[in-house]
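> sharing a model prediction with you, sequence too.
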Amino acid sequence: MDSGRDGRTVRHGGSFYHFRTVEQATGFYRGILEGKSVESCRQRWRPSLVQVAVAPRALPAAGSRHAGSELI
């Protein structure tokens, strides 16, 4: 999985975890590298902000009809 740390921010799985101190970010990142779960690392190191990655939504194909999309 794509992971990295830059100062007080850790990127893992497309999400960003922001910490108050470099030490917190380092501990969180080290835990991830050691194979610990993201949830256990979050409980231990307490990020101050989490920006969760969201998968892009698929757009309906042109001309397709979905319930509730009919024009009256």
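Happy to help now that I have it. Note that the structure is a prediction, hence the values are computed from the model and not measured.

> gap between Glu34 and Val52?
Distance, Glu34 to Val52, using CB to CB, to the nearest Å: 22 Å. Bear in mind the C-beta positions are built from the backbone N, C-alpha and C, glycine included.

> repeat that for Arg8.
18 Å.

> and the helices in this structure?
22-33, 38-45 (DSSP state H).

> turn those into a markdown table, columns for mean neighbour count, distance to Gly14 and mean pLDDT.
Formatted as a markdown table, these follow (neighbours: other CB atoms under 10 Å; distance: least, CB to CB, whole Å; pLDDT from 0 to 100):
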| stretch | mean neighbour count | distance to Gly14 | mean pLDDT |
| --- | --- | --- | --- |
| helix 22-33 | 17 | 13 | 98 |
| helix 38-45 | 14 | 12 | 97 |
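
> distance to His12 added to the ones you listed, as JSON lines?
Below are those laid out as JSON lines (distance: least, CB to CB, whole Å):
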{"stretch": "helix 22-33", "distance to His12": "6"}
{"stretch": "helix 38-45", "distance to His12": "7"}
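
> could you give me the buried positions within stretch 4-18?
Residues of stretch 4-18 classed as buried by neighbour count (16 or more other CB atoms under 10 Å): Arg5, Arg8, Thr9, Val10, Arg11, His12, Phe16, Tyr17.
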